[in-house]
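A.B. asks: Next one to model:
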Amino acid sequence: MKHFVFYLTNRRCVQGLLILCLLCTGSCQKNWLEAKRDLNTVLPTTLDDLYALLHIDSNPSISNDYIGALLVSSDDHYCTDERLQSIGEQEFALYTRTTTSFPSSLSIQEWNNSYEQVFYANVVLEKVQQINRNNTNAVLWDNVKGGGLFFRAKAFYNIAQTFAQPYQRGHSESDQGIPLRLSSDPNIPSSRASLEETYQQITSDLKLAAALLTTRPDMSITASRQAALGLLARIYLAMRIYEQAGLYADSCLQLHDALLDYNHIADGTTSSFPIARLNAEVIFHAYLLPSSNVVSATSGFTDPQLLASYAAGDRRGSLFFRSTTTGFRGNYTGSSLKFGGIATDEMLLIRAECAARSGDASGSLDDLNRLLRHRYTPETFHLYSGLSGEKLLNLVIQERRKELLHRGLRWGDLRRLNLEQGHEVPLLRIVNDTRYELPPNDPRYALPIPDAVIFATGMPQNDYSAIQP
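C.D. replies: Predicted coordinates for the structure are as follows:
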């Protein structure tokens, strides 16, 4: 039973699943002890039950992205020395990028909650195979199976971005990936797959999901073909397989490509969050969790050099940042919670970057100009033209940096761009006059697997022996 650590520490995940299933089936009279004695009697058995299980907003919700640590570690923000005195030891280590262990006493939500999502997805995938697909239930059956594949792939990708090194063709077969839990049985031993196996599983799950799912969702927290295509674009970008990233971004945009015109959004008050939740750009909605005081709108600050890059007339300057503290407030959630979902602006920027890399300057400029026309006031917007090659690529990367703050994407961008000569970004924090540096391609770009998992399974920890003193 020691391998059950992957689905939380033994009891919690199964208990949570039982509670969810009881809610789904309406069997609230059955008490916990009875349910525990006969797990199969409360597991979901109908397609409606399974569909409901994919959409219950529990903790963790299967739709959210548990990569908050990556936001704390990125350079989307900084914190004052005074504020840092009130945060915990582990959060401080993430902020200064000095983390090389997660002690057994800590509950690491990025690992625990993501693998709990995998567990729920596997239950759905196993149960749907026990239901005959026919002409009457085909659409729902396909959406249930597609949803299970989508949410499992998304969780696997988040775990890989957090706990494994960046994907590199030529190295991925020997690099350590993550445990690929493909069954809900907690007794199956767990081990780390290769990085190649990890990403092959993620992308194959998503491709199958895209073939099964409804084109556009009923709700933006629902898996859809467009969301699967968008996630594939994001993942292939992280893998630096740019041709595929561009193709999937294009396929995603062919289904829906609405953009918000920031000129039609009022600034509101300094403390408000002006961009609405579930707005027209949102392809798939997810919150980025766990939340952190380090990156909150009231205590997190933005690099002055980055702030200065928003020119006069760029509506992102006033919509994204508080006028007094420069705290970020441009979340696509209408609240202080960070947006971890998929949106049209990200897809446009992926397609623009991939076009620039392939030599399609016209296509890249078309996407970039379309986006910026919706971001600048009409009197200050000027079309970009005549750019190509490295100058165009640098411009697209710069606009990506300005557009996609606080979405959990920056850490992945640093990981992939650090592998490309001329695009490396060394990171520096200065806290109480102490310098904390993170060089490009440092082993700490993968967070350590929690000690409890290493102890329970015997799998190898990430190697930090190459860290420069």
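
A.B. asks: Now do the buried residues in stretch 455-469.
C.D. replies: Within stretch 455-469, the residues scored as buried using 16 or more other Cβ atoms under 10 Å are 456-457, 459, 462. Placement of C-beta: from N, CA and C, glycine included.

A.B. asks: So which elements touch the helix ranked longest in the chain?
C.D. replies: The helix that spans the most residues within the chain, counting by DSSP state H, is helix 138-163. Helix 138-163 is packed against helix 47-53, strand 65-66, helix 68-73, helix 109-128, strand 176-179, helix 195-212, helix 225-239, helix 410-417, with contacts defined by 3 or more Cβ pairs under 8 Å, 6 or more residues apart in numbering; DSSP states H and E.

A.B. asks: would you turn those into CSV with distance to residue 134, mean neighbour count and mean pLDDT?
C.D. replies: Listed next are these as CSV, based on distance: least, Cβ to Cβ, whole Å; neighbours: other Cβ atoms under 10 Å; pLDDT from 0 to 100:
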stretch, distance to residue 134, mean neighbour count, mean pLDDT
helix 47-53, 11, 20, 93
strand 65-66, 35, 28, 96
helix 68-73, 43, 26, 94
helix 109-128, 13, 23, 95
strand 176-179, 35, 24, 98
helix 195-212, 15, 20, 98
helix 225-239, 22, 25, 98
helix 410-417, 41, 20, 98
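
A.B. asks: Kindly reformat those as JSON lines containing distance to residue 386.
C.D. replies: Converted to JSON lines, those look like this (distance: least, Cβ to Cβ, whole Å):
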{"stretch": "helix 47-53", "distance to residue 386": "51"}
{"stretch": "strand 65-66", "distance to residue 386": "38"}
{"stretch": "helix 68-73", "distance to residue 386": "36"}
{"stretch": "helix 109-128", "distance to residue 386": "44"}
{"stretch": "strand 176-179", "distance to residue 386": "43"}
{"stretch": "helix 195-212", "distance to residue 386": "36"}
{"stretch": "helix 225-239", "distance to residue 386": "26"}
{"stretch": "helix 410-417", "distance to residue 386": "25"}
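
A.B. asks: quick one, which of these is nearest to residue 270?
C.D. replies: helix 68-73 (22.3 Å; Cβ to Cβ).

A.B. asks: Out of the helices and strands packed on helix 138-163, the one nearest residue 369 is which?
C.D. replies: Going by Cβ to Cβ, the one of the helices and strands packed on helix 138-163 nearest residue 369 is helix 225-239, 20.0 Å.

A.B. asks: from the chain's centre, how far out does that closest one sit?
C.D. replies: Relative to the chain's own centre, helix 225-239 is displaced by 11 Å; criterion: Cα atoms, centre = their mean, to the nearest Å.

A.B. asks: Buried residues of the next helix or strand after it, list them for me.
C.D. replies: Later in the chain than helix 225-239, the nearest helix or strand by DSSP states H and E is helix 242-255. For helix 242-255, burial by neighbour count (16+ other Cβ under 10 Å) applies to 242, 244-253.

A.B. asks: Likewise for stretch 360-379?
C.D. replies: Quick answer for stretch 360-379 (16+ other Cβ under 10 Å): 360-361, 363-369, 371-372, 374-376.

A.B. asks: Sweet, I'm off.
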